[in-house]
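Student: Next come a sequence and a model predicted from it.
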Amino acid sequence: MSAFRLTQITDTHLGAQYAPFVTNFEKVSQYIDDTRPDLVVNSGDVAFDGSDHPQDLTFARELHDALPVDCRFIPGNHDIGDNPTQVGKPPSQLVSEQTRRQFIDAFGDDHWRFDAAGWSFIGLNSLIMNTGLACEAEQQEWFAAELSTVRGRPLALFIHKPLFLQTPDDDELAATSFRYVPMPARTQLIDLLTTVDLRLVACGHVHQRRDYTYRNVRHIWAPSASFIIKPDEKQELIGAKEVGLVDYVFRPDGFEVRHTRAAGQIDVDLYSVKELAAAL
């Protein structure tokens, strides 16, 4: 059985008004053209502000359509809005069925499953978790049904938000609730995953590169393709603040991870771009 090569990009934050992010995406596009993986997965925040400006979704889709390989997408909070949590302030942009539908119209399904190289790959919409929307229960039912058919295959899970900071029982107040899959949805998701051979959880959202293993599951936080957030007073340092992407090679007996960045990608600071945009 041949190997399956997958490239994960995330947090591309594409919008016509933010040229530095588009330039970084063009560098990523050239890298993908040069390396030609079997699939590209964008793990969310594809657009800069898809909730309030659907044209950002359209713009982002057009750029991805120009890539020379197939792509799959899952939404991020900048695509459809954020999910509510049990602690902290409510999000300024709350996810809704309307914004989810806008994403689906632009990118197709917001959750998916396929098999390759002896593995099962599942992408989930982590932003509808904890919302009480009908689509949350529908995704949960779909996910449980898919897990029942994995049949001993190792599983790679793609979500936008990390599951947790250090452990599944991280206190939400201490671990910044909006940054991770919120409680109680996190517990429900992890309980389902205990029934399968989960090997990899790949996410984005934090704009920092991180790679660690917890109880035989490797957690990869892909770095943003577009920008970083400095200084550390604006965002605490958890991993490495750098732009880039992640390459994977999956085989029936395991997988390899290569952390990299495209030639010419620049560590654009979000706040400098916002100041530039405000001045235009």
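Tutor: Yep, it's here. Numbering: from 1, shown residues only.
Student: what residues does stretch 128-138 touch?
Tutor: Stretch 128-138 is contacted by residues 80, 83-85, 95-97, 100, 110, 125, 139, 181-186, 189 when judged by C-beta atoms under 8 Å, 6 or more residues apart in numbering. In this view, the C-beta of every residue, glycine as well, is placed from N, C-alpha and C.
Student: how distant is it from the center of its chain?
Tutor: 18 Å (C-alpha atoms, centre = their mean, to the nearest Å).
Student: One more: stretch 197-213?
Tutor: Using C-alpha atoms, centre = their mean, the offset of stretch 197-213 from its chain centre is 9 Å.
Student: what's the distance between Thr10 and Trp221?
Tutor: As judged by C-beta to C-beta, to the nearest Å, Thr10 and Trp221 stand 9 Å apart.
Student: So which of the two has more stuff around it?
Tutor: Thr10 (30 against 23; other C-beta atoms under 10 Å).
Student: Flag the shaky bits of the stretch 101-250 of the chain, pLDDT-wise.
Tutor: The model of the stretch 101-250 of the chain has pLDDT under 70 over residues 171-177.
Student: ok, Pro90 - how many residues close by?
Tutor: Around Pro90 there are 9 residues (other C-beta under 10 Å).
Student: Now it: closest residue in space, sequence neighbours ignored.
Tutor: Excluding the flanking residues, the one nearest Pro90 by C-beta to C-beta, 6 or more residues apart in numbering is Pro84, at 6.0 Å.
Student: do Leu39 as well
Tutor: Leu6 (5.0 Å).
Student: Wait, the one you found touches Asp38, no?
Tutor: Yes - here Leu6 lies in contact with Asp38, judged by C-beta atoms under 8 Å, at a distance of 6.4 Å.
Student: give the contact list for the residue nearest to Leu39.
Tutor: Leu6 makes contact with 37-41, 121, 247-250 under the criterion C-beta under 8 Å, 6+ apart.
Student: Then Phe25?
Tutor: By C-beta under 8 Å, 6+ apart, Phe25 lies in contact with 12, 14, 63, 225-226.
Student: backbone phi and psi for Asn42, please?
Tutor: Main-chain torsions, Asn42, degrees, to the nearest 10: phi -100, psi 120.
Student: Count the residues that sit near it.
Tutor: For Asn42, using other C-beta under 10 Å, the count is 30.
Student: what bridges to it?
Tutor: Judged by DSSP bridges, the bridge partners of Asn42 are Ile9, Phe73.
Student: So which bits of stretch 68-87 are buried?
Tutor: In terms of neighbour count (16 or more other C-beta atoms under 10 Å), stretch 68-87 has its buried residues at 71-85.
Student: I should have written stretch 20-34 there, sorry.
Tutor: Buried-residue list, stretch 20-34, by 16+ other C-beta under 10 Å: 20-22, 24-25, 27-29, 31-32.
Student: which one of the residues you listed sits closest to Pro231?
Tutor: Nearest to Pro231 among the buried residues of stretch 20-34: Pro20, at 18.3 Å, using C-beta to C-beta.
Student: So the closest one: helix, strand or coil?
Tutor: Secondary structure, DSSP: H, G, I helix; E, B strand; the rest coil: Pro20 is helix.
Student: Quick check, it in contact with Ile266.
Tutor: Yes - assessed by C-beta under 8 Å, Pro20 is found in contact with Ile266 at 7.2 Å.
Student: Any chance you could list residues touching both of Thr10 and Trp221?
Tutor: Common neighbours of Thr10 and Trp221, using C-beta under 8 Å, 6+ apart, are 203-205.
Student: Please, where are all the strands along the protein?
Tutor: Secondary structure of the chain, counting by DSSP state E: strands at 4-9, 39-42, 71-73, 112-116, 119-123, 154-158, 197-203, 210-214, 217-221, 245-251, 254-260.
Student: quick check: angle from the fifth one to strand 154-158?
Tutor: The reference is to strand 119-123. 20 degrees (axes from the mean of the first three to the mean of the last three C-alpha atoms, to 10 degrees).
Student: next one: the fourth one
Tutor: Note on geometry: by the same axes, to 10 degrees, strand 112-116 and strand 154-158 are set 140 degrees apart in direction.
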